[in-house]
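Asks: Fold the following and give me the result.
(chains A and B)
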Protein chains: 2
Amino acid sequence: MTVYNIALIGFGGVNRALAGLIATKNPQWERQLGFQLNIVAVSDLYLGSVISPNGLDPRMLTEANFTKGGFGQLSGGSSEADNETVIKLAPADIVVEATFTNPKDGEPAVSHCRWALQAGKHVVTTNKGPVALAAQELKALAKSRGVRFEYEGAVMSGTPVMRLADKTLAGAEMKGFEGILNGTSNFVLGRMEGGLDFSSAVKEAQALGYAEADPTADVEGHDVRLKVVILANELLGANLKPEDVTCEGISRLSPHDIETAAKENCRWKLIGSAARGVDGIVVGSVAPKRLALEHPLAGVGGATNAVSLNTELLGSVTITGPGAGRVETAYALLSDIVAIHSAQPSKDAKEAA
Amino acid sequence: MTVYNIALIGFGGVNRALAGLIATKNPQWERQLGFQLNIVAVSDLYLGSVISPNGLDPRMLTEANFTKGGFGQLSGGSSEADNETVIKLAPADIVVEATFTNPKDGEPAVSHCRWALQAGKHVVTTNKGPVALAAQELKALAKSRGVRFEYEGAVMSGTPVMRLADKTLAGAEMKGFEGILNGTSNFVLGRMEGGLDFSSAVKEAQALGYAEADPTADVEGHDVRLKVVILANELLGANLKPEDVTCEGISRLSPHDIETAAKENCRWKLIGSAARGVDGIVVGSVAPKRLALEHPLAGVGGATNAVSLNTELLGSVTITGPGAGRVETAYALLSDIVAIHSAQPSKDAKEAA
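Replies: Numbering: from 1, shown residues only, chains lettered A, B, ... in the order given. Here you go, the predicted structure:
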């Protein structure tokens, strides 16, 4: 039996959901996927950190109502979040990075990933920061250490857009993509179609927990911009930085704009896109676009995300699915671990070792 | 360099399109995919058959206007389509089966696949017949001979639904699916929404070449039924036969039905679906269904196909793309060959051999 020891960096909704899955699904995963997961360390800014080489009970982790610094009560625990020590010293095969996204320099998540890879540990993450801002460095580092850096969840939560392109569309010749990549702004646009003005729609999104207190990153397109960078670099072999991608959000759309579009059988959507030009250069952008109702992205509503991949041999292929959600995003981490498991040169050798 | 020798069984639109791609893309495939393709045999009911161990010029094959029995003029050729000899004796690594679909017993395509696999040759096919009616036997045979039986194109042309489930959604726990799997009936429904009655819409589809002279298989759901069998067996581990799947087409829908649905913000679609019940038994069906316009399949128009996969951990994930087309379907064959190439235990060993 293969058991992967994992260290959870950040213990918010996503890693907590992953622990919850581990608590119930290990036997099933062993049968169906060929491995089990064992949590040997957790570190969290609020709760502190804990290293337990034999493994922590995932049910205890999810069900105990730890207060600030609460991991200090556990054997091997500390009330301080010593991410660096946990990442470097915990006996983990895989480090699961799910801290907050810093859109400026990706820190501290970039350092988390770097420490783990340098220590010869695989990294899986749902954090856009390190992927958008440091993927080249981290992928090269992973390669040099013979480990994997996997990040399917950084763009569309568990909906597999990067692996769709890589594993199932090889040879189709990717020319570009356009997508609805932010559920909050998509929800706000939907409510504006329902008659609200922009600020009322944002307030409703905040009241429902879809939008943060400061909704700027979502409604001004900054979140989508990071995702465009990730997809352009991954799918089109570009080397874009966020500042290379033009970015306009939805805050300047008026009820009149929405209404006029509806009268003409169109609908505004915040579209993140990139395409390779005839000169071979990949250009990316984020902007509200008026789509005809027949457009494959026009019907994507609410918090759902979708990306249309434009290929030479197949034309347009669109994948639509959840763009957020704790369990959905935890699934992205599981899918990354499945990818790591599949890529093992010889599982038998590993098991014997 | 890896070169796969291939034998084309059937030389209609799809295999002709594959030959056309080979004529121009081999150098690019070598760089990007790691292999080239070399056509060493072709057999076609109308044109005859030819075996050429050193390879046939794909440009000649696609551009020469062969008449009936025309392959007899070629070196190593015969005016008769001797599929069995070609499959068994041509020095092919991969047999590409693209003859017509026989919905009763899958023959002669099942025999084509069986002969190839028995001879230790990989099989790739876009033919629904052998996959819907004999997949278990053929998969077991392939396994016993250490070769692959690949058939992504049997359901949605080049749109990768089976590999999406298998390669990118492992562990998401598939519970069922529903799809728009027949472009002809979907086109007819669209024209009925435009005001035509059923038979006028079918006539228009025939005039445009979308529907065959006998449109029964498309509009009565028989084509979709075979696809439901394939997907249910592949995605849900079922063992359905076509007669296990209830089947109703769209011919009984009246303009009144269409109009009433539109008034209530709904739309009729021919839906192929299957789901695992609480008893663990997988039940499949084909039937026209009234979908609310917000339903992820409601906006799928014309010849486009789509499948929504219902999963435990991710909820609904939908893939939308071409469901037909010569180049699109030829791409499915290429994607199957990419899968064969990726599964080679050691390419270096193969190249050295």
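Asks: Would you mind listing what in chain A touches chain B?
Replies: Chain A comes close to chain B at residues A:21, A:29, A:32-33, A:158-160, A:163-164, A:167-172, A:293-294, A:296, A:298-299, A:301, A:304, A:313-322, A:325, A:327-328, A:330-331, A:334-335, A:338, as judged by Cβ under 8 Å from any Cβ of the partner chain. Bear in mind the C-beta positions are built from the backbone N, C-alpha and C, glycine included.
Asks: From these, which land in helices?
Replies: Residues of the residues of chain A next to chain B located in helices (DSSP state H): A:21, A:29, A:32, A:163, A:327-328, A:330-331, A:334-335, A:338.
Asks: Buried subset of the residues you listed as a PyMOL selection?
Replies: Those of those that count as buried under 16 or more other Cβ atoms under 10 Å in any protein chain shown are selected in PyMOL with:
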select buried, chain A and resi 21+29+163+327+328+330+331+334+335+338
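Asks: The ones in helices among the residues of chain A next to chain B into CSV, with extra columns for pLDDT and distance to B:Thr67?
Replies: Listed next are these as CSV, based on pLDDT from 0 to 100; distance: Cβ to Cβ, whole Å:
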residue, pLDDT, distance to B:Thr67
A:Leu21, 98, 63
A:Trp29, 98, 59
A:Gln32, 96, 54
A:Arg163, 97, 47
A:Val327, 96, 61
A:Glu328, 96, 57
A:Ala330, 98, 61
A:Tyr331, 98, 56
A:Leu334, 98, 57
A:Ser335, 98, 52
A:Val338, 97, 52
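Asks: can I get the ones in helices among the residues of chain A next to chain B in CSV with distance to B:Met60?
Replies: Listed next are these as CSV, based on distance: Cβ to Cβ, whole Å:
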residue, distance to B:Met60
A:Leu21, 56
A:Trp29, 52
A:Gln32, 49
A:Arg163, 39
A:Val327, 56
A:Glu328, 52
A:Ala330, 55
A:Tyr331, 50
A:Leu334, 50
A:Ser335, 45
A:Val338, 45
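Asks: can you map out the helices along chain A?
Replies: A:13-32, A:58-63, A:83-89, A:109-118, A:128-145, A:153-156, A:161-163, A:183-193, A:198-207, A:216-219, A:222-235, A:255-263, A:326-343, A:347-352.
Asks: deepest of the ones you listed, which one?
Replies: The highest mean neighbour count among the helices of chain A belongs to helix A:153-156 (a mean of 28), with neighbours defined as mean count of other Cβ atoms under 10 Å in any protein chain shown.
Asks: Now for A:Glu248, how many residues are close by?
Replies: Using other Cβ atoms under 10 Å in any protein chain shown, the number of residues around A:Glu248 comes to 14.
Asks: Leaving out sequence neighbours, find the closest residue to it.
Replies: The spatial neighbour of A:Glu248 that comes closest, neighbours along the chain excluded (Cβ to Cβ, 6 or more residues apart in numbering or on different chains), is A:Ala287 at 4.6 Å.
Asks: correct me, but the one you found touches A:Thr246?
Replies: Yes - counting by Cβ atoms under 8 Å, A:Ala287 does reach A:Thr246; the two are 7.1 Å apart.
Asks: more neighbours, the two?
Replies: Just comparing A:Ala287 and A:Thr246: by other Cβ under 10 Å the higher neighbour count belongs to A:Ala287, 16 against 13.
Asks: In contact with that one, which residues?
Replies: A:Ala287 is in contact with A:221, A:246-248, A:270-271, counting by Cβ atoms under 8 Å, 6 or more residues apart in numbering or on different chains.
Asks: let's see 10 Å
Replies: For A:Ala287, the contacting residues are A:221, A:224, A:246-250, A:269-273, taking Cβ atoms under 10 Å, 6 or more residues apart in numbering or on different chains as the criterion.
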